[in-house]
Structures are given as C-alpha cells and as structure tokens.
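> sequence and computational prediction follow.
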Amino acid sequence: MNACQHEYCEETTVTRADIEFAVEGETCAAWFYPGAAEHAPVPVIVMAHGLGGTRTMGLEPYAERFAAAGYACLVFDYRHFGGSTGEPRQLLSVRRQLADWDAAITHARTLPGVDPDRVVVWGTSFGGGHALTLAARDPRITAAVAQCPFTDGIASSLAVDTRTSARVTVAAVRDWVRGRRGASPRYLPAAAPAGTPAFMSSADALPGVEAISAGAPDHENRLTARSAIDVFLYAPGRRARRIQCPTLVTLCEHDTVAPARTARRQLRRSPHVELTSYPVGHFDVYLGAPFDRAVEDYLEFLGRHVPVG
C-alpha cells in the first residue's frame, strides 16, 4: 500500500494498492484506492488516460483528491501501454481500449467496499472520448466525467496543417500494411514540434506532454503509426444523443488537440450533458490552478449525482 504524499491529503489517509485484471487473455495493470471505509459501500470511479498516456502521467493527483473525498478509484493502463501487457507496444486500438474499460468496470464492481451499482467513468483527452462512448452505450454506468475530451477524429485532423496530416496518413497506411503482413511496427512521435509528422504537433503539444510526464518512468513518446487510422475514424461526440446518465464535460477553450468548438456543438445534443469550460489549453488543466478548479467542479458534480454518503 502506498500513502498519499500531497499537501491536500495531509489530514486524510489515502492509500492505494497495485492490482491487475484480465482482458482477453492479457493483463491490465491498475491502482485501487479504497475510499472511505466508514461509508462503505461507496461509489467507485474508473479512470484512464488519453492518447498514449499512462496512469503515472498526472492521474494520481485526481485519484487522490477523489479518494480523500471518500470515493473508491480504479486507475488503469490500457493494454500495450505502461504496466499492462500487450504486443506490439504503444499500439492504440479503439476496440481494445473499450474492451479494457469494460473489463475495468466489471472488475471494479468486485472490489472490497465498492457499491457495484454506483460506477462512475472518468476519462481525459482520448480517454474522455471513451467516457462519452461508455455513457452512451452502457446503461449500468451511474455518471461520467470527460475532461477535455477527444470527440471527433476528423475535426482533430483538420486542426493540423495539411502537409503534416498527409505525412501522418501515409505513414499510418504503410504501417497498417506491415501489420497485416506480420511485420514489426513503425512508430511516430505522440507529440512533436509543429510541422513534424506526429499524433500531436501543435505548439503546446510537446511541452504539455513533457510537463505531465515528468516523473513518469513508463512514458514513451511514440505510438505505432497504424494507430492514426483508429484515431481518425473515432468520433465519440457523434453518440451524444444516446447519453442517458448525468455527464460532466469540461472543455479547454484554447484546446489545439481536441477542438472545443466541435465538442460543444456535438455534446449540446444531449440533455444529460453538463458543459463547463476553462480559458486554458489542452495540457494546462492537469497542473496548478486549472487542475484545482477542475477537481472542485468534479467533486461538486459527483456530490450531486453520486454522493459518498
């Protein structure tokens, strides 16, 4: 068990355990925060990161704040990333990641002190898109939170200059062919300077990824090039009308990775979605004052819809 070391947890004992769960013959690594034993069974928040992200890249502070408020949390790595199994490494598959979410939710329901009927999904960036997909398709989910969510692959690709986008597309198709032949993958940077063929190449992408991955030993700034096909074709925002559970979506107005305008237009279609926004960029919300503001909003939302007591 690991104890929370952050200032905001000094008066509250927050612990976590390293656990794992099975998915399709492979294993996802995870952390489990038990929540408030005196209120057991408590709601459980299932959490995962975005494009190429692992749980060590800035998710711990969110989970610690939720656990300090009494919620149980399960924070996991997708297969092919971080501490989870899966080959080739750094492969992003939407189908596999959604299966990982389903397995994480199923496992979370079996954990001690957890109320199996009160499960919340919390995702950020590409994982925020998954949270929206789950809120639209899984009636067992009690509530969802999507932080600066990826909602539309086409919209995100149009935010990149045409020449760079074309080079990424060519690399993706070539690597997809290699995959069909059983050859080893070719990789592209997850984040790189503007003009570089990469999954994220806006001016703030590389500094942002470096900021949230500081101290994350398992971070690799690369993805299989074929992963770009899944990213381009994924459009969870188009399922907004199907969302039936209370869902909080926080947008970053200066987002260069997941355009806020597109997300707002799509998500207004559901009466169950609450939208709020911050005057910051995509990566700013993980740190400092924007992080504190976002966590306060999440806890207020959870207190209304999924109270610990």
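Noted; the coordinates are in hand. Being a predicted model, the structure only gives us computed values, none of them experimental.
> any chance you could give me the helix or strand containing I154 in CSV, C-alpha atoms only?
Per DSSP states H and E, I154 falls inside helix 153-158. What follows is helix 153-158, C-alpha atoms only, in CSV (Å, rounded to 0.1, in the frame of the first residue of the first chain):
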residue,chain,number,x,y,z
GLY,A,153,-11.1,12.4,-35.4
ILE,A,154,-11.8,14.4,-38.5
ALA,A,155,-12.1,17.7,-36.5
SER,A,156,-8.8,17.0,-34.7
SER,A,157,-7.0,16.2,-38.0
LEU,A,158,-8.3,19.4,-39.6
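> show me what that helix is in contact with.
150, 165, 231-235, 257-259, 262 (Cβ atoms under 8 Å, 6 or more residues apart in numbering). All C-beta spots, glycine's among them, are computed from the backbone N, C-alpha and C.
> can you flag which of these belong to helices?
The members of those that map onto helices under DSSP state H are 165, 231-233, 262.
> which among those residues count as buried?
165, 231-232, 262 (16 or more other Cβ atoms under 10 Å).
> possible to save those as TSV with pLDDT?
Output for those, formatted as TSV (pLDDT from 0 to 100):
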residue	pLDDT
S165	90
V231	96
F232	95
T262	93
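> out of the residues you listed, flag the one nearest to V75.
The closest of these to V75 turns out to be V231 (Cβ to Cβ; 22.5 Å).
> which of the three states applies to the nearest residue to A17 once chain neighbours are set aside?
Of all residues not flanking A17 in the chain, F32 sits nearest, at 4.9 Å (Cβ to Cβ, 6 or more residues apart in numbering). Applying DSSP: H, G, I helix; E, B strand; the rest coil to F32 yields a three-state assignment of strand.
> what bridges to F32?
Beta-bridge partners for F32, by DSSP bridges, are A17, L74.
> quick check: it vs V14, distance?
12 Å (Cβ to Cβ, to the nearest Å).
> which residue ranges of the protein form helices?
Under DSSP H, the chain gives helices at 60-68, 94-108, 126-137, 153-158, 162-180, 205-213, 227-233, 260-267, 288-305.
> which of these has the lowest mean pLDDT?
Lowest mean pLDDT within the helices of the chain: helix 153-158, at a mean of 86.
> residues of it that come out buried?
By neighbour count on 16+ other Cβ under 10 Å, the buried set for helix 153-158 is 153, 155-157.
> related to what we said a few turns ago, right, and the helices of the chain - which one's nearest R186?
Nearest to R186, of the helices of the chain and by Cβ to Cβ, is helix 162-180 at 4.6 Å.
> which of F32 and V14 has more residues huddled nearby?
Ranked by neighbour count (other Cβ atoms under 10 Å), F32 and V14 place F32 first, with 26 against 23.
> sweet, I'm off.
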